[in-house]
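*Asks:* I need the structure of the sequence given here:
(chains A and B)
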Amino acid sequence: MATFFGEVVVAPSRAGVDDEESAEEAREETPEDREIRRELEKKREIDVLWASPSGASPEGSAAEPFACSEFIVAIGRNAAAFLSSFILDSVCWEVVGVVKLWNEWCRTSNTTNVLPTDSFCLFYRLISDPTVLLCQCSCYVAEDQQFQWLEKVFGCMQKEGLQVTILSTCPVADYKTQESTLTLPSPFLKALKTKEFKEQVCCPLLEQPNIVRDLPAA
Amino acid sequence: MFVPCDRGGGSSSSDFNGFTLLVPAVSVGNVGQLATDLVISTLNMTKVGYFYTDCLVPMVGNNPYATAEENSMELSINAEVYSLPSKKLVVLQIRSPFIKNKYRPFCQTLLSWVKSSKCARVVLLSSSHAYQRDDEQLLGTPLRYLLTPDLEKAVGGLMRELNWKEMEKVAAYPGLNDTEKVLHIPGGGITKLLFTESCSKGIQMAVLLKFCSEGDNIPDAFALVNYLNEWLQLIKSEVNTSSQWKIPSSWRLLFGSGLPPALF
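*Replies:* Below is the predicted model:
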């Protein structure tokens, strides 16, 4: 908003095009720039650490992809809380992995003994069926880290016969519908599924033109 | 980067030898992308694959070109490829913005894919900030074109026949030195980079752009797609060409949900 008469305000483009950014890129990168960029990239790298089969403390990533039949991913605090309240317990599930990351919005905690208010990304395995894996990701994974998260996490598991379920939440205000969102009975469930998913979906599919973005989309 | 869909067509569905590739630039008003939506929707193009890339913000939704219950459930992501072999046309639709610092790698990968898939030429649909026009550009048509030297030889004459206006260059240092001219496409996203790279790599590329501002850009999209049609003749151009283009179902609710009645 302009603050005084005659002030010219550059309107931000919906297309996400930023002229200053492209002008900056246009000039040659100096060795210092390159070094800074490399350091920043290193800082924003994601580490996926898995516990060794013997149950010792987390080591480096698994050398071989492990078998996985069901992978449930809860993204965001609400979905993570849902899993904590209704699914997870210390009797049937054990922690088998953690994702460590940093970005401007959050840093994941170093422990596996987390509080609900912490930012964390943990993997649990069902003790009675070790091919069932669960991920609680309450930290925000930034745009430039989402692809990395995806590749590093899925890179560790066998994808044959794998069924993935992603749980996430969005504000009702973001939902586009003919009527006003004020009168919508909320909360409500919507789903997206790949054509390979043959089972019955427990709720209606997400109608156009609504979309999902960020880590759940990735 | 390009992942073909397996539709039983085998490799024939991803053979683009000699095709024209239509690509939008993510630019002001998203006009290129809207125009591309109109092309895909009207010509009922078939999806033949997608780009697996870390350069665009991830997104997913249900089929944006759904016309009925049966075809509304196919997932759609941020960079997908559609083809219409009868018109030797292949289209890449981009649906989300670039991730910071990633647009350069994307341009490089895109152009090397253009070369490896042997597309004959690339048509880039774009737009530029209307408020940056100079006095002369304020008058007359808001549509402009650019051709790489290789394509200029082939179709330059046709552009002159169609009475099209080439995008003007601006002074590199306005006020200081008016002789050195550069290409400047404010708000055009990757347009300038793709164009200059294509010039140096010998790729036949045409840029079609419209001067516009953010707002309801549907009329801009229609103007741009009609401009494209003057050249490529994708649909029969009759007097009222706007009604010939089919608006996709995903264009509903572009400005949000309905209003609460209690507001009034």
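*Asks:* and for B:P24, the neighbour number?
*Replies:* When neighbours are counted by other C-beta atoms under 10 Å in any protein chain shown, B:P24 registers 29. Every C-beta, even on glycine, is put in place using the N, C-alpha and C of the backbone.
*Asks:* what sits closest to it if chain neighbours are left out?
*Replies:* B:G32 (3.1 Å; C-beta to C-beta, 6 or more residues apart in numbering or on different chains).
*Asks:* need the contact partners of the helix or strand harbouring the one you found.
*Replies:* Using DSSP states H and E, B:G32 sits in helix B:31-42. With contacts defined as C-beta atoms under 8 Å, 6 or more residues apart in numbering or on different chains, helix B:31-42 is touched by B:22-26, B:45, B:64-65, B:82, B:91, B:93-95, B:124-127, B:209-210, B:212, B:217-218, B:220-222, B:224-225, B:228, B:234-235, B:244-248, B:250-251.
*Asks:* buried among those? Need that as a selection in ChimeraX.
*Replies:* Buried members of the contacts of helix B:31-42, defined by 16 or more other C-beta atoms under 10 Å in any protein chain shown, are picked up in ChimeraX with:
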select /B:22,23,24,25,26,45,64,65,82,91,93,94,95,124,125,126,127,209,210,212,217,220,221,222,224,225,228,234,235,244,245,246,248,250,251
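*Asks:* re earlier: how far out from the middle of the chain is the helix holding B:G32?
*Replies:* 8 Å (C-alpha atoms, centre = their mean, to the nearest Å).
*Asks:* also stretch A:88-95?
*Replies:* 22 Å.
*Asks:* end-to-end on that stretch?
*Replies:* 10 Å (C-alpha to C-alpha, to the nearest Å).
*Asks:* what are the buried residues along it?
*Replies:* A:88, A:93, A:95.
*Asks:* quick one, phi psi at the closest residue to the second one other than its chain neighbours?
*Replies:* In this structure, A:W93 finds its nearest non-sequential neighbour in A:Y124, 4.3 Å apart by C-beta to C-beta, 6+ apart. Taking degrees, to the nearest 10, you get phi -120, psi 150 for the backbone angles of A:Y124.
*Asks:* what residues are up against A:Y124?
*Replies:* A:88, A:93-96, A:133-136.
*Asks:* what number of residues lie near the residue nearest to B:P24?
*Replies:* Using other C-beta under 10 Å, B:G32 has 33 neighbouring residues.
*Asks:* the one 10 residues further on too?
*Replies:* Burial of B:T42 is recorded as 18 neighbouring residues (other C-beta under 10 Å).
*Asks:* B:T67 versus that one, what's the distance?
*Replies:* 12 Å (C-beta to C-beta, to the nearest Å).
*Asks:* ok, now B:V39?
*Replies:* 16 Å.
*Asks:* helices of the chain, start to end?
*Replies:* Just going to use chain A. Taking DSSP state H as the criterion, chain A contains helices spanning A:19-26, A:31-43, A:77-86, A:143-154, A:214-217.
*Asks:* the chain in question should be chain B.
*Replies:* Secondary structure of chain B by DSSP H: the helices cover B:31-42, B:103-116, B:149-161, B:191-201, B:218-232.
*Asks:* tell me the contacts of the closest residue to B:N177 other than its chain neighbours?
*Replies:* Distance criterion C-beta to C-beta, 6+ apart; nearest residue to B:N177, sequence neighbours excluded, is B:A171 at 6.9 Å. By C-beta under 8 Å, 6+ apart, B:A171 lies in contact with B:177-182.
*Asks:* ok, how many other residues are close to A:F86?
*Replies:* A:F86, neighbours per other C-beta under 10 Å, totals 8.
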